[in-house]
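K.L.:
sharing a model that was predicted from the sequence below.
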Amino acid sequence: MTRQARLLLAAIPAAFIGYLFVYPVTRILLLGLGEADLGELVDTRIGSVAWFTLWQAALSTALTLLVAAPLTWAISRFEFPGRRLAQAAVVVPFVLPTVVVGTAFAALDVRGSVWAILVAHVFYNIAVVVRTVGGMWSSLDTRIEDAARTLGAGPWRTLWHVTLPTLRPAITAAAAIVFLFCFTSFGVVLILGGRGNATLEVEIYEQAVTFFDLPLAALLAVIQLVGVSAALAWYSRSQERGSRGLDLGSQETIRRRPEGVLAWVIGAIVLGTLGLQALPLGALVVRGLGWFGDLAVRDPVVGVPLESIPRSLGFAGTAMVVAVVVGMMAAVVVSGRGSRFARWFDTALMLPLGTSAVTVGFGFLVALDRPIDLRGTIWLVPLAHALVAVPFVVRSAVPLLRSIRPEMMEAAAMLGASPGRAWRAVALPIVSRAAALGAGFAFVVSLGEFGATSFIARPSSVTVPVTIFRLLGRPGPANFGRAMALAVVLALLTALVVAVIDRLGEVGRF
Amino acid sequence: MKHTSTIALIAVLTMILAACGSDQGGEPTTTGSTPDIATTASSVSTTIEEPGTTSPSTTVAETAPSTTVAGGSSDVTLTLITHDSFADAAGEAFAPFTEETGITVEILAGGDAGSLTNQVVLTKDNPIADAVFGIDDTFLTRALEAEIFVPHESPLLSNVPDELELDDEARVTPIDFGDVCFNYDIEALAKAGVDPPTDLDQLTEEAYRDMVVVESAATSSPGLAFLLATIAEYGEDGWQDYWQRLVDNGVEVVPDWDTAYYSSFTRYGGDFPIVMSYASSPPAEVIFAETPLDAAPTGVVTDGCYRQIEFAGILAGTENDAEAGELIDFMLSPEFQQQIPLTWFVFPANETVDLPPEFVEFTEVPESPARLTSEEIAANREEWIREWSAIVDG
């Protein structure tokens, strides 16, 4: 791609991220630091909070990769009844509000410890690994592996020396997302972690909202941003070194049907992992039983709970569309290798995922009042959601886009295909798969997003998670039961919509 | 030619998407193909109307509760920012006001009380609303110091007990109050063979070991209220010792009310039969019961309660301060005040309003709830919370 073309393509995502992220965050940080006496702010606690934030995020990421690996393998490489459903159902935890998961986890009795944080982070993030890595693994050409096996390598050696290196871009992409999620984790840490296990995110919230200490909150936010940027810079470099053109089949690998012992192993992996995820959900179903009918009844405070569903779907749909358009443009720019610009751009796009909701939320308040006053309008909700969803789209798409080899397009052209036809034959299937993968993520991210929305809502923009939260804000069995029932409806709906999006992504294939 | 139709589909989608994406905040458009968005958008257009286009033309307002400006202006839309729990139900509660005055009220939800206070202070140079409701006395001084209010002395204040009026300059108006008190699970305590506690001191006794759950004073409004109650009860130098004894007796501290009530409280499957909640929680247990109840399943410890007062105020910078004054008068009028108990489970500030029977029957209003002055709270709040954290974190 020419430099001009790339700049042109970069303009829209750059404007998006500039107006909705860089500008508001800069404004609020300057406002906070403006009145600060930095020397006075620095104390030893900050160091230990930052260290805890870092190591729990790193450990959570490693555990998530480990726990998700077998399921990813099973879903990518084997055909079994319910495979598609499993691939969609894995995202369900993503949309469940932390309060809800917290009540379900209460039974596990790990609350109030670091373990609770780690378990919950794994629970929430398995989907990121299964879908990002699985998206690539599904389309890996198995012939390289077959060749290795023919040459005498055992299955483990083949996995270690052939499969994993090839999957590395997708694995690091998933790891980056999971790391950022855990690095800025708020609800999980606050509700399940117990006192004394504060992350930077929790600390920023407390300083800003409880202590009105805007300078210290701003300083912590800067530390958080620096940490996230450093992690991203490292990631971006390793990502580039690791990626290469691949023969991703233009269709998915033919999946094998497992037989004999293997069938049992696959069954155990799928049921085991999904079962672990379903446990808390099962608790919700039990506790919501008997209240499903009441979701359709008007309540003076929250209205008709079910009415939040079309509203949520509308927001999530809009956010998804914005995120996919912006994210795919950005992904094309980023996937062009070797340019420093692409690397910087990539890092900037990821930052919103690693920035605290308080920083962004307060930033919106002080910055987005002109040229039009976006604050408090209904448009801010899907835009804020899209901001968080764009990194998912970019991360899902870049490894796939980078695997498109220009030689293939040239070969197609040489064989007489017009540029359009060459693109359709070689790139389109991969692009559409990438877009669907990103769209699925964007949708669930928006559906489950809570942090930014709670800062800027008007009653006509109350989403499903917000309704659940408000039901749980009052005492009484009816409030609790309806909250649980609504969470179950949200979970089912999510799995359904993601299954449909997955299906649409396959339409682009030959 | 399967792929041709695919491309067409993608092209169409991209166009629709691009149209959506570039349409920021202007007149909401409906973009076919996505019915959900369309419905949302159309409901928006009814709410984001510019001042001057709304006017349901109910001509001149009857000077109902308003006295500030006679014949209120009917073309105005007021924006009221409030905390989440108030926001959703508020739409219907203001319908009579709009009918009487022609003034449309739009509600913005600004998070919890702390977040709400921060938001109005942060946006004081370009306010996002004309009026605010829901700043409680623990955050009041922060808001007053930021000089964000226009004073307004409602004539209806004569029906409000003096102890609820905390600002001499009438920059804020008390609208409701609630008492933060310990609740206990009657059945669970009976099963454990323990009598309900009657004062705070008992909770540090062996009989109540590992039975009490409270919210964090750093992240929760009832949590902070309880800390203030102990400071009022044991004094500025005595509360630390009380808390140490509580901690030694196995008190559980959780981040927020939801977690305390719905995860830790025995009534919802937790392990703690005594929880820091509200005096109005037992009536809610009856009203929201699965099957009709004759008696509340939970009780209130009337000792060691803390009274929270919620205020409304006109935000400086509004062009509609007269209408905002009318709105505040309406919020103090019996018409609005009588809706408060069963909608928000707090008590109306206007004494002339009768309480609903559920409130009279199933709860007890503590006789002498603790209070600290806003000045005391403002001067020490942060230090107290830091000291408290150190004790609780051991």
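P.N.:
Noted; the coordinates are in hand. Residues are numbered from 1 along each chain as shown, chains lettered A, B, ... in the order given.
K.L.:
residues in contact with the closest residue to chain A within the stretch 251-394 of chain B?
P.N.:
The nearest approach of the stretch 251-394 of chain B to chain A comes at residue B:288, 2.6 Å away (C-beta to the nearest C-beta). C-beta here means a position set from N, CA and C on the backbone, and glycine is covered the same way. Going by C-beta atoms under 8 Å, 6 or more residues apart in numbering or on different chains, residue B:288 touches A:474, A:475, A:476, A:477, A:478, A:479.
K.L.:
got the residues you listed as TSV, with secondary structure columns?
P.N.:
Formatted as TSV, those follow (DSSP: H, G, I helix; E, B strand; the rest coil):
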residue	secondary structure
A:474	coil
A:475	coil
A:476	coil
A:477	helix
A:478	helix
A:479	helix
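K.L.:
possible to save those residues as CSV with pLDDT, distance to chain B and neighbour count?
P.N.:
Formatted as CSV, the contacts of residue B:288 follow (pLDDT from 0 to 100; distance: C-beta to the nearest C-beta, whole Å; neighbours: other C-beta atoms under 10 Å in any protein chain shown):
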residue, pLDDT, distance to chain B, neighbour count
A:474, 81, 6, 25
A:475, 84, 4, 29
A:476, 86, 3, 21
A:477, 88, 5, 19
A:478, 88, 4, 20
A:479, 88, 6, 23
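K.L.:
secondary structure element for the residue of the stretch 251-400 of chain A found nearest chain B, which one?
P.N.:
Across the stretch 251-400 of chain A, the shortest distance to chain B (C-beta to the nearest C-beta) belongs to residue A:314, at 3.8 Å. If you go by DSSP states H and E, residue A:314 is part of helix A:308-335.
K.L.:
elements contacting that helix?
P.N.:
helix A:3-17, helix A:340-350, helix A:380-402, helix A:428-448, helix A:464-471, helix A:477-507, helix B:2-22, helix B:35-47 (3 or more C-beta pairs under 8 Å, 6 or more residues apart in numbering or on different chains; DSSP states H and E).
K.L.:
rerun at 7 Å
P.N.:
Helices and strands touching helix A:308-335, by 3 or more C-beta pairs under 7 Å, 6 or more residues apart in numbering or on different chains; DSSP states H and E, are helix A:3-17, helix A:340-350, helix A:380-402, helix A:428-448, helix A:464-471, helix B:2-22, helix B:35-47.
K.L.:
so how far is the fifth one from its chain's centroid?
P.N.:
Averaging C-alpha positions (C-alpha atoms, centre = their mean, to the nearest Å) puts helix A:464-471 21 Å from its chain's average.
K.L.:
and what of the third one?
P.N.:
Counting by C-alpha atoms, centre = their mean, helix A:380-402 is centred 8 Å from the centre of its parent chain.
K.L.:
buried residues in it, which are they?
P.N.:
A:380-402 (16 or more other C-beta atoms under 10 Å in any protein chain shown).
K.L.:
returning to what we had before: can you tell me which of the helices and strands packed on helix A:308-335 the model trusts least?
P.N.:
Sorting those by mean pLDDT places helix B:35-47 lowest, at a mean of 30.
K.L.:
please work out which residues outside the helix or strand following that helix touch it.
P.N.:
Using DSSP H and E, the helix or strand that directly follows helix B:35-47 along the chain is strand B:77-82. For strand B:77-82, contacts defined as C-beta atoms under 7 Å, 6 or more residues apart in numbering or on different chains pick out B:49, B:51, B:54, B:90, B:103-110, B:116, B:119-120, B:128-134, B:320, B:323-324, B:327.
K.L.:
where exactly do the strands run in chain B?
P.N.:
According to DSSP state E, chain B carries its strands in the segments B:77-82, B:104-109, B:131-136, B:149-150, B:173-185, B:212-215, B:252-254, B:274-278, B:298-315, B:347-348.
K.L.:
turn the ones you listed into a markdown table, including mean pLDDT and mean neighbour count.
P.N.:
As requested, those are arranged in a markdown table below (pLDDT from 0 to 100; neighbours: other C-beta atoms under 10 Å in any protein chain shown):
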| stretch | mean pLDDT | mean neighbour count |
| --- | --- | --- |
| strand B:77-82 | 91 | 23 |
| strand B:104-109 | 88 | 23 |
| strand B:131-136 | 92 | 26 |
| strand B:149-150 | 94 | 20 |
| strand B:173-185 | 95 | 25 |
| strand B:212-215 | 96 | 26 |
| strand B:252-254 | 91 | 24 |
| strand B:274-278 | 95 | 27 |
| strand B:298-315 | 93 | 24 |
| strand B:347-348 | 92 | 24 |
